[in-house]
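Novice: Return a 3D structure for these sequence lines:
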Amino acid sequence: MWGRADRAVKLLGRNIPSILRTTKGVDVKISRRLCIKPQEESQVQPRGRSPLRVPGYKPTDWERRFLLWAGHFKKPEDIPETVSIETIRAAKTTLRVKFSYVMMALTIVGCIVMVIKGKQAVKRHESLTSINLEKKAQWREEVSQSASPKP
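Specialist: Next up, the predicted model:
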């Protein structure tokens, strides 16, 4: 009787979702995760990199400038040959924030300048409507002068 039950479980096991199936060589607690991998596979290192590789990244000229502008180093001579990628990312993030502050300040200055120029134009009695009316009057005169001299 148990032999038939085992065969039925094996046949039905193909249709059971992989999360519900118990896997061989994996702890039951680990198998509850969505991504089921045996623990031996996670310990294998990638073939492309040697285990003795020194952590670090050789920065380009632009990245060296970023490190200086962000304030991570005082002089170009202070920057080591290899820097961690996290240091470069932090410098780029700092520069993004500084650049956004500069853009905000320039936008505010531009708005203030436009308000001042607008108030000066109102004092001179200039407006877009009056300028447009003057241009249209000038165009009408040009059209009337070009149409009338035909003898």
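
Novice: My guess is residue 85 contacts residue 57. True?
Specialist: Yes: with contacts counted by C-beta atoms under 8 Å, residue 85 reaches residue 57, the gap being 4.8 Å. No exception for glycine: its C-beta is placed from N, CA and C like everyone else's.

Novice: What residues of stretch 141-151 count as buried?
Specialist: Residues of stretch 141-151 include none that count as buried (16 or more other C-beta atoms under 10 Å).

Novice: Now do the buried residues in the helix ranked longest in the chain.
Specialist: Criterion DSSP state H: the longest helix present in the chain is helix 85-123. By neighbour count on 16+ other C-beta under 10 Å, the buried set for helix 85-123 is 87, 88, 91, 94, 95.

Novice: same thing with stretch 76-87?
Specialist: 79, 83, 87.

Novice: Name all residues that make contact with the closest residue to residue 88 other than its chain neighbours.
Specialist: Nearest residue to residue 88, sequence neighbours excluded (C-beta to C-beta, 6 or more residues apart in numbering): residue 63, at 5.4 Å. Residues near residue 63 by C-beta atoms under 8 Å, 6 or more residues apart in numbering: 83, 88, 91.

Novice: again with residue 92
Specialist: 66, 70.
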